[in-house]
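**Q** next one to model:
(one chain, ligands or ions: 1)
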Amino acid sequence: MKVPFVDLEKQYAEIKKEIKDALEKIFNKGDFILGEEEGQFEEGFAKYIGTKYAVGVNSGTDALFLGLLSLGIGQGDEVIVPAFTYIATALAVSFCGARPVFCDIDEETYNINTNKVEGLITKRTKAIIPVHLYGQPADMKPILEIAKRYDLKVVEDCAQAHGSEYKFKIQNSKFKIYKVGTMGDIGCFSFYPTKNLGACGDGGMVVTNDKDVYRRLLMLRDYGRKSRYEHIIIGYNSRLDTLQAVILSAKLKRLDKWNEMRRKNARIYIKYLEKNENIILPVEESYARHVYHIFAVRIKNRERIIEELQKRGISVLIHYPIPLHLQRAYKELGYRKGDFPVAEKIAQEVLSLPMYPHLTEREIKYVCDNFNRLV
Ligand SMILES: Cc1ncc(COP(=O)(O)O)c(C=O)c1O
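**A** Residues are numbered from 1 along each chain as shown. Have a look, this model is predicted:
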């Protein structure tokens, strides 16, 4: 049997009919950039997430970059970023001329360690970027409290967590549930094809409730223009194209169902792996509705196991083998091995098993049977 890491074929089969007509309509209209359907997708996405505004851009990286610019982050500023995430989170900070300040992560969730954030704040700190890694929300309550105390912006990196939810404790046993992207000043999403909501190419979105931020984003993504020939800021060309928006609209309708399928697959994995004491399984926190963009387990000596799994037709990946403070690109920042021990340990042990909505129990069992035999 072959089990790919991600298989989008069955997902495409579900939407094929619906998008075929819609795409043809756009080809006939020739309305490819910021067309009517792109606006409709922005409206639909904002409604789904629960914010007033959504602005389509051309990648998740640009969503973070333009999002930070829209909040006034720039030269000389510092932005706190988890040391264990995809590098794009930090790159967006660097693009603004600001400095990423890395923070260690929590050993159970792999998200930013909220107890370590306050100690990193300086006079230059302007923002915190919690990343909802693998689809599990970062613990937003303490982050928002710190941000309020120090007057910092909060930029949620939701690239891996479309539809994920956070239970915000109000008092005693009362909760309010928020979708990720609605709690910070802005929420930034990626529509990279393999994401929980993925385009057929690059794409991204910034969501916000702030009208001024929204207005700035509209200009930043479109050459800084206020009207067709009037440019009032130095803007960029970073727009979500209409063809992608049509595909994403069709997928958005199915996102909750597909996330539920991922959650079910995670439960099946856990059922087959939980007895193995050599495997550390992902944990869903009591405040979280995890959407399992990635199902990452932890093991020792993973290299040999990866090779053996590959021989048996099972594709696995590592998200991520090198924490950001040890990336060559960030050598100039002066971090050293040992600075963030949890991020370094997790980076050596994580292994992502195949995960996508249409994965079958038979396929999961095949992965687990082989994995249990090897680990
Ligand atoms: C956590 C995180 N942030 C940002 C990005 C960047 O998104 P994109 O690839 O759409 O630029 C990714 C994409 O992989 C990501 O996983």
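
**Q** for stretch 330-350, give the mean pLDDT please.
**A** For stretch 330-350, mean pLDDT rounds to 98.

**Q** measure that stretch end to end?
**A** 22 Å (Cα to Cα, to the nearest Å).

**Q** for the closest residue to residue 337 other than its chain neighbours, give me its contacts.
**A** In this structure, residue 337 finds its nearest non-sequential neighbour in residue 326, 6.4 Å apart by Cβ to Cβ, 6 or more residues apart in numbering. In short, each C-beta sits where N, CA and C put it, glycine included. By Cβ atoms under 8 Å, 6 or more residues apart in numbering, residue 326 lies in contact with 335, 337, 344.

**Q** got the phi and psi for residue 326?
**A** Main-chain torsions, residue 326, degrees, to the nearest 10: phi -110, psi 10.

**Q** how about the one 3 residues further on?
**A** Here the main-chain torsion angles of residue 329 (degrees, to the nearest 10) amount to phi -60, psi -30.

**Q** so what's it up against?
**A** With Cβ under 8 Å, 6+ apart, residue 329 has these contacts: residue 87.

**Q** just residue 34 next, same as before
**A** If you count contacts by Cβ under 8 Å, 6+ apart, residue 34 has them with 56, 222, 239, 240, 242.

**Q** likewise residue 108?
**A** So residue 108 contacts 283, 285 (Cβ under 8 Å, 6+ apart).

**Q** reformat the contacts of residue 34 into a markdown table and put secondary structure next to each item.
**A** What follows is the contacts of residue 34, written out as a markdown table (DSSP: H, G, I helix; E, B strand; the rest coil):
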| residue | secondary structure |
| --- | --- |
| 56 | strand |
| 222 | strand |
| 239 | coil |
| 240 | coil |
| 242 | helix |
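
**Q** out of everything not next to it in sequence, what's closest to the residue at minimal distance from the centre of the chain?
**A** Closest residue to the average C-alpha location of the chain: residue 159 at 2.0 Å, with Cα atoms, centre = their mean. Nearest residue to residue 159, sequence neighbours excluded (Cβ to Cβ, 6+ apart): residue 190, at 3.8 Å.

**Q** count residues in the vicinity of that neighbour, would you?
**A** Using other Cβ atoms under 10 Å, residue 190 has 30 neighbouring residues.

**Q** gap between it and the ligand?
**A** Separation of residue 190 from the ligand (Cβ to the nearest ligand atom, to the nearest Å): 3 Å.

**Q** same deal with residue 237?
**A** Taken as Cβ to the nearest ligand atom, the span from residue 237 to the ligand is 15 Å.

**Q** do residue 238 as well
**A** In terms of Cβ to the nearest ligand atom, residue 238 sits 11 Å off from the ligand.

**Q** so residue 262 touches residue 355, yeah?
**A** Yes - using Cβ atoms under 8 Å, residue 262 is in contact with residue 355, at 6.4 Å.

**Q** who touches the residue of the stretch 201-350 of the chain found nearest the ligand in this structure?
**A** Closest residue of the stretch 201-350 of the chain to the ligand, Cβ to the nearest ligand atom: residue 204 (5.2 Å). With contacts defined as Cβ under 8 Å, 6+ apart, residue 204 is in contact with 56-63, 188-191, 240.
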